[in-house]
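**Q** Predicted coordinates and the sequence they were generated for:
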Protein chains: 2
Amino acid sequence: MDLLKNKIKAEGVVLSETVLKVDSFLNHQVDPELMVEIGKEFAQRFKDQGITKVLTIESSGIAPGVMTALQLEVPLVFARKKKSLTLSEGILSSKVYSFTKKEENTISISHKYIQNDDRVLLIDDFLANGQAALGLIDLVKQAGAEVAGIGIVIEKAFQDGGKLVRETGYRVESLAEIQSLENGQVQFKQEEAKV
Amino acid sequence: MDLLKNKIKAEGVVLSETVLKVDSFLNHQVDPELMVEIGKEFAQRFKDQGITKVLTIESSGIAPGVMTALQLEVPLVFARKKKSLTLSEGILSSKVYSFTKKEENTISISHKYIQNDDRVLLIDDFLANGQAALGLIDLVKQAGAEVAGIGIVIEKAFQDGGKLVRETGYRVESLAEIQSLENGQVQFKQEEAKV
């Protein structure tokens, strides 16, 4: 998705060979128009999959998730990273280790909102080590529902997550696949190296 | 906003005289079409305020916030409840006590995204004790920016927050004002009691 790649090139900050900061349009400040285009792109790619729910994780998945759900005309559900006092019965949980934040979170959804006849599109902002996506897949399976596909805004293709998640057999669509962050440069997959 | 009030009447679950659960369309599952209408309503009410940024708090403020920002054609910024490893320099913070979750959070924004020439519309899902809204106001002041208004999806008008926040002198627009949750019933403000 060229619009997204151009935004990453223009505004992404390479903090190390593994960390890309996109706080200006996705993870802290959010560009609503870009989110609309991301939602349209995911909806286009998964439109024939009979999707009944979009599932993401708080917080950075919510903006692209809600725009995707809007386009597909289905509800969004966002998994919580902590149990809330007003979210108690019928909870499904899975443990997710975040390598970025160096902590384990329990992600949870209410079974009420993902049921066994749902076909669920998973949306997340980043795919790096794949732990979040695997946690979401686990939640959908616990609910007895089907994973209809996985939509990722930015995939760090040099990390293990893409392989791990694709090994589950589900279709993964990443709107921007980063091959490398070496030398402070963002290089996308299938993009020829500049000489 | 009748669409919202009807949704609350139909799907809101009164858990106690102070707690209303709206997990089916706002706090866990999200109704994207309703979020669009909420965004349009806030944009309409604040359209003459010269707003340059919408500011909310993760997580439940993000969906209504991004739709409001989309309508106003400005960026959304969402305050974080925890410091992230990739969010470090130029951070403004404020302490917010959540009576619902019985915990104190430090909410933070990057100064980079709220600057001293910004006119900021604050959006949040609930106004109850007002602590979150006061924390957001504090962040905007620390940034040297102006609070242009405060948009609340659901105000629990029987709690102190509305008074506390209005005493700051800022304009507060609540799309649904709940007068009481007594006897397991949602009663809106200015709505005549049923005999």
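**A** Alright, I've got the coordinates.

**Q** and whichever strand or helix holds A:D138, is it in reach of chain B?
**A** Using DSSP states H and E, A:D138 sits in helix A:131-142. No. Judged by C-beta under 8 Å from any C-beta of the partner chain, helix A:131-142 stays clear of chain B, getting no closer than 12.6 Å. (C-beta placed from N, C-alpha, C; glycine too.)

**Q** Flag every buried residue along that helix.
**A** Residues of helix A:131-142 classed as buried by neighbour count (16 or more other C-beta atoms under 10 Å in any protein chain shown): A:131-140.

**Q** What's the mean pLDDT across the helix or strand encompassing A:K40?
**A** Assigned by DSSP H and E, A:K40 falls within helix A:32-45. Averaged across helix A:32-45, pLDDT comes to 98.

**Q** Pull that helix out as PDB, backbone CA atoms only.
**A** Backbone C-alpha positions of helix A:32-45 (Å, rounded to 0.1, in the frame of the first residue of the first chain) are rendered in PDB as follows:
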ATOM      1  CA  PRO A  32      -7.700   9.500  10.600                       C
ATOM      2  CA  GLU A  33      -7.700   9.800   6.700                       C
ATOM      3  CA  LEU A  34      -4.900   7.200   6.500                       C
ATOM      4  CA  MET A  35      -6.900   4.900   8.800                       C
ATOM      5  CA  VAL A  36      -9.900   5.200   6.500                       C
ATOM      6  CA  GLU A  37      -7.600   4.200   3.500                       C
ATOM      7  CA  ILE A  38      -6.200   1.300   5.600                       C
ATOM      8  CA  GLY A  39      -9.700   0.200   6.500                       C
ATOM      9  CA  LYS A  40     -10.700   0.300   2.800                       C
ATOM     10  CA  GLU A  41      -7.700  -1.700   1.800                       C
ATOM     11  CA  PHE A  42      -8.300  -4.500   4.400                       C
ATOM     12  CA  ALA A  43     -12.000  -4.600   3.500                       C
ATOM     13  CA  GLN A  44     -11.100  -4.900  -0.200                       C
ATOM     14  CA  ARG A  45      -8.600  -7.800   0.500                       C
END
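
**Q** I'd like to check the angle between it and helix B:32-45, please.
**A** Going by axes from the mean of the first three to the mean of the last three C-alpha atoms, to 10 degrees, helix A:32-45 is angled at 160 degrees with respect to helix B:32-45.

**Q** The next helix or strand after the helix holding A:D138 vs chain B: in contact?
**A** With elements assigned by DSSP H and E, the helix or strand that comes after helix A:131-142 is strand A:146-156. No. Using C-beta under 8 Å from any C-beta, no contact is recorded between strand A:146-156 and chain B, whose separation bottoms out at 13.0 Å.

**Q** Now A:Q179: which helix or strand?
**A** strand A:172-180.

**Q** which strands and helices sit next to the following helix or strand past that strand?
**A** Using DSSP H and E, the helix or strand that follows strand A:172-180 towards the C-terminus is strand A:187-188. Using 3 or more C-beta pairs under 8 Å, 6 or more residues apart in numbering or on different chains; DSSP states H and E, the elements in contact with strand A:187-188 are strand A:172-180.
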